[in-house]
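> predicted coordinates and the sequence they were generated for:
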Amino acid sequence: MKHDKEVKGTAVARELTGGQIIVDHLIREGVTHVFGIPGHGDTALMDAFVDRKEEINLLPAMHEQNASHMADGFYRASGKIAGVVTSIGPGATNTLTGIATAFADSLPQLVITGGVHTYMMGRGVLQELDRPHSDNFPRMAEPVVKRWFNPSHVEQVPNMMEQAFNAMLEGRKGPVLLNVPQDVQAEAVSVELADGSKRRTASRAFGDPEYIARAAALLLKSQRPVLLAGGGVIQAEATEELKAIAEFLGAPVTTSFMGKGSFPEDHELFACACGDLGSIPGNAMTRSADVLLSIGCRFSDRITSSYKQGITFDIPKTKLIQIDIDGFEIGKNYPVEVGIVGDAKAILGALHAELVRTGKPRNYREGAQFKELEALKVEWEEFLRPLRTANVQPMTASQVLVEARKALPRNTVVVTDSSNPQNQVFNEFPVYGPRQHITPGGMSGIGFALPAAIGAKLAKPDVPVCAIFGDGAFLQTGTELATAAMLGTPAIFLVINNGGWGAIRNLQLNMFGEDREIITNFKTPDGKSWMADIAGVAKSLGCEGERVVDAAEIGPAIKRAMESGKPYVIDAICAIERPYSNMHVTGWWDITVPAYLGDLRAKYVKGRGF
């Protein structure tokens with residue numbers, strides 16, 4: 001496959017179809033990978049790739065949602081936009097969960113769908129959504145895209161492509177939809193294609209210097225500063241600036257799900273995760289901070305212990321400095337002492353310069369906060385030890401993660417999706433650099449990991465990529481292994497197979513009572529436990545696969561996977577029974593308890609944050 005071909009400058013006027021204009025613009029923007037599924041609604045567009053296949057890769061998917069997830073994983077791993085091309089009707093609607101995942105995490109993605117011929121709109125042609133409006137799919141997508149475009153003439157396509165890239169990349173990034181009628185894909189016009197980079201700025205949004213000075217003064221006066229890094233740090237490529245400020249102030253650093261990887265987790269100032277399933281040191285540091293510097297973080301319920309005061313955060317007792325590219329996020333969930341709108345890299349760079357100009361670096365290793373952090377990290381390791389060393393069969397997920405981390409190289413990209421694997425990797429699988437941890441932080445969709453890992457591996461062919469996810473997730477999107485086999489994508493797929501929806505099962509039993517489990521154990525009609533043969537499915541789809549039942553064999557299995565040079569599934573059989581499947585709860589999460597559960601409901605109401 002060809003990679004990284006990029007065309008700059010203005011092209012000589014020539015006659016091109018709408019499909020050719022789209023493909024040419026993708027190449028000129030440096031897009032190397034497009035994921036899609038052919039259908040009657042996008043055939044003219046797909047044909048335009050045929051004569052340019054040495055310059056851009058059009059790759060298959062088995063489901064349109066997964067095509068979007070692959071493009072998402074590609075961007076998260078590389079910072080480079082990938083495209084999605086689908087047909088009309090269900091081909092388009094199937095993308096919505098993928099688009100929503102990118103939108104929730106503020107990530108760019110160009111989705112191009114086939115549309116109804118302009119001269120047949122409203123007639124209810126095959127796969128048209130014609131009620132209450134003709135060709136109405138863009139209205140379905142509207143809540144989860146920054147902008148959508150629906151050209152009615154081929155002459156509109158060049159300008160719409162330029163605007164699409166502008167919309168994806170300006171300010172808070174996000175996905176864009178281009179819904180292209182079939183006749184617009186096929187009709188031609190004489191067009192001079194301009195350099196799209198001249199239609200947008202590449203500069204960063206610098207924060208207000210007065211507010212940066214106020215933030216610096218507040219941090220220099222603080223006795224217990226803490227830094228909270230969100231996904232905005234990684235998006236802005238601001239990890240070095242974050243580290244410089246942390247070391248200057250001696251401030252412990254914690255992260256959100258999206259911010260994991262923005263700070264090396266073997267650094268002495270790393271405080272581990274915070275939130276409802278955060279860590280002992282993470283929650284202790286944020287709770288006791290006198291000043292909290294938050295960068296590119298939404299303060300979701302998962303990171304804030306559902307806003308319950310004094311569990312993870314104690315704002316406004318803790319003074320909050322909040323930096324975000326989107327002014328709407330400033331003060332949305334907590335009142336701020338100083339709010340700064342702008343790009344994280346630009347602002348952190350200016351803030352560090354102001355700290356150096358007006359203050360002195362701290363000898364933090366002799367301070368009480370740092371010594372407390374060191375002690376809490378030891379306590380946290382002891383807290384994790386029982387499930388990491390349990391002598392049980394089936395093995396624990398914690399044991400799998402410990403052995404996987406030992407076996408995988410330091411620069412491995414780990415990809416997760418929802419439920420226990422996502423939560424445990426957040427806490428128990430350290431990463432050491434940006435774009436090494438990929439997870440759907442906002443939507444937290446089950447089934448994301450496998451296709452996203454394919455996209456990530458295509459983006460980073462020379463870096464190990466390991467997806468870690470559950471059997472429930474595999475049963476949703478596992479057929480995308482067929483794509484991995486066809487493309488020969490040598491990612492590792494490590495499946496925590498416990499024969500059920502383990503995370504929700506534990507919520508049911510722990511919160512509602514021992515007799516309240518329902519449809520979370522996989523069972524046959526006679527009541528016997530059912531478990532998928534995931535390694536067998538992998539082999540049937542052309543991948544390598546093996547089942548592992550002993551934690552000591554996880555490392556050797558990963559070694560075999562890396563040496564194989566093929567897509568490789570490790571089917572790790574893990575415990576679903578408590579306590580061996582329990583999460584490490586250190587905060588609080590607002591899972592509602594029905595009123596008819598009496599005392600349990602009363603306990604829940606008394607404990608919630610609102």
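Ah, there it is.
> then the helix of greatest length in the chain to CSV, C-alphas only?
Using DSSP state H to define each element, the chain has its longest helix at helix 368-389. The C-alpha atoms that make up helix 368-389 are tabulated as CSV, following Å, rounded to 0.1, in the frame of the first residue of the first chain:
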residue,chain,number,x,y,z
ALA,A,368,5.0,16.9,52.2
GLN,A,369,2.8,16.5,49.1
PHE,A,370,5.4,14.5,47.2
LYS,A,371,6.2,12.3,50.2
GLU,A,372,2.5,11.7,50.6
LEU,A,373,2.2,10.8,46.9
GLU,A,374,5.0,8.2,47.2
ALA,A,375,3.3,6.6,50.2
LEU,A,376,-0.1,6.5,48.5
LYS,A,377,1.4,4.8,45.4
VAL,A,378,2.8,2.1,47.6
GLU,A,379,-0.6,1.7,49.2
TRP,A,380,-2.2,1.5,45.8
GLU,A,381,0.1,-1.3,44.7
GLU,A,382,-0.8,-3.2,47.8
PHE,A,383,-4.5,-2.6,47.1
LEU,A,384,-4.1,-4.1,43.7
ARG,A,385,-2.0,-7.1,44.8
PRO,A,386,-4.7,-9.6,45.8
LEU,A,387,-6.3,-9.8,42.3
ARG,A,388,-2.9,-9.7,40.6
THR,A,389,-1.6,-12.7,42.6
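> now it: buried residues?
By neighbour count on 16 or more other Cβ atoms under 10 Å, the buried set for helix 368-389 is 369-370, 372-373, 376-377, 380, 384, 387-388. Where C-beta positions appear, they are placed from N, C-alpha and C, glycine not excepted.
> how far does it sit from the chain's center?
Its chain's C-alpha centre and that of helix 368-389 lie 28 Å apart, by Cα atoms, centre = their mean, to the nearest Å.
> contacts for whichever helix or strand comes after it?
Sequence order places helix 397-407 as the next helix or strand after helix 368-389, per DSSP states H and E. With contact meaning Cβ atoms under 8 Å, 6 or more residues apart in numbering, helix 397-407 is reached by 384, 387-390, 420-421, 424-425, 428-430, 466, 468, 494, 496, 498, 551-552, 554-556, 558-559, 572, 574-575, 581.
> show me which of these are buried.
384, 387-388, 390, 420-421, 424-425, 428-430, 466, 468, 494, 496, 498, 551, 554-555, 558, 572, 574-575, 581.
> surely K260 meets F429?
No: K260 is not in contact with F429 according to Cβ atoms under 8 Å; the separation is 9.3 Å.
> sorry, back to before: the buried ones among the contacts of helix 397-407 in helices, which ones?
Among these, the members found in helices (DSSP H) are 384, 387-388, 420-421, 424-425, 428, 554-555, 558.
> closest one of the residues you listed to A456?
V425 (14.4 Å; Cβ to Cβ).
> list the contacts for that closest one?
Applying Cβ under 8 Å, 6+ apart, the residues near V425 are 401, 414, 416, 437, 439, 468.
> the same query, at a cut-off of 7 Å, please.
Listed by Cβ atoms under 7 Å, 6 or more residues apart in numbering, the contact partners of V425 are 401, 414, 416, 468.
> and those residues, which two are the farthest apart?
The largest separation in the contacts of V425, counting by Cβ to Cβ, is between L401 and T416 at 10.6 Å.
> about what we covered before: tell me which other helices or strands the longest helix of the chain touches.
helix 280-288, helix 397-407 (3 or more Cβ pairs under 7 Å, 6 or more residues apart in numbering; DSSP states H and E).
> which residue sits closest to K566 in space, ignoring its chain neighbours?
With Cβ to Cβ, 6 or more residues apart in numbering as the criterion, K566 has its nearest non-adjacent residue at 5.0 Å, and that residue is E544.
> can you pull up the bridge partners for that neighbour?
Beta-bridge partners of E544, counted by DSSP bridges, are Y568.
> what separation do you get for it and A350?
Look at E544 and A350: by Cβ to Cβ, to the nearest Å, they are 50 Å apart.
> T43: neighbouring residues, count only.
15 (other Cβ atoms under 10 Å).
> give me phi/psi at it?
phi -60, psi -40 (degrees, to the nearest 10).
> equivalent analysis for the one 3 residues further on, please.
M46 adopts backbone torsions of phi -60, psi -40, taken as degrees, to the nearest 10.
> ok, it to G91 distance?
12 Å.
> cool, T524 as well?
In terms of Cβ to Cβ, T524 sits 35 Å off from G91.
> who has more neighbours out of M46 and G91?
G91 (24 against 20).
> pretty sure the more buried one belongs to a strand, no?
No: G91: not assigned to a strand; according to DSSP: H, G, I helix; E, B strand; the rest coil it is helix.
> re the thing from before, the residue nearest to K566: what's it in contact with?
Per Cβ under 7 Å, 6+ apart, neighbours of E544: 538, 564, 566-568.
> out of these, which end up buried?
Of the contacts of E544, these count as buried by 16+ other Cβ under 10 Å: 538, 567-568.
> pLDDT weak spots in the stretch 51-200 of the chain?
The stretch 51-200 of the chain contains no residues with pLDDT under 70.
> which stretches in it count as strands?
57-60, 83-86, 109-115, 147-149, 175-181, 188-191 (DSSP state E, counting those that start in this stretch).
> redo these as JSON lines? Include mean neighbour count and distance to D314.
As requested, the strands of the stretch 51-200 of the chain are exported to JSON lines (neighbours: other Cβ atoms under 10 Å; distance: least, Cβ to Cβ, whole Å):
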{"stretch": "strand 57-60", "mean neighbour count": "18", "distance to D314": "49"}
{"stretch": "strand 83-86", "mean neighbour count": "28", "distance to D314": "43"}
{"stretch": "strand 109-115", "mean neighbour count": "28", "distance to D314": "37"}
{"stretch": "strand 147-149", "mean neighbour count": "20", "distance to D314": "39"}
{"stretch": "strand 175-181", "mean neighbour count": "26", "distance to D314": "36"}
{"stretch": "strand 188-191", "mean neighbour count": "14", "distance to D314": "59"}
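> one step back: including distance to L219 and pLDDT, could the buried ones among the contacts of E544 go into JSON lines?
Below are the buried ones among the contacts of E544 laid out as JSON lines (distance: Cβ to Cβ, whole Å; pLDDT from 0 to 100):
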{"residue": "A538", "distance to L219": "51", "pLDDT": "98"}
{"residue": "P567", "distance to L219": "47", "pLDDT": "98"}
{"residue": "Y568", "distance to L219": "47", "pLDDT": "98"}
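> and which of those is nearest to T286?
Closest approach to T286 among those (Cβ to Cβ): Y568, at 38.6 Å.
> for that closest one, give me its contacts.
Residues counted as contacts of Y568 (Cβ under 7 Å, 6+ apart) are 492-493, 543-544, 561.
> mind redoing it with 10 Å?
By Cβ atoms under 10 Å, 6 or more residues apart in numbering, Y568 lies in contact with 466, 484, 490-494, 535, 538, 543-546, 557-558, 560-562.
> ok, now A350?
Contacts of A350 (Cβ under 10 Å, 6+ apart): 206-209, 212-213, 215-216, 241, 340, 342.
> 6 Å instead, please
I212 (Cβ atoms under 6 Å, 6 or more residues apart in numbering).
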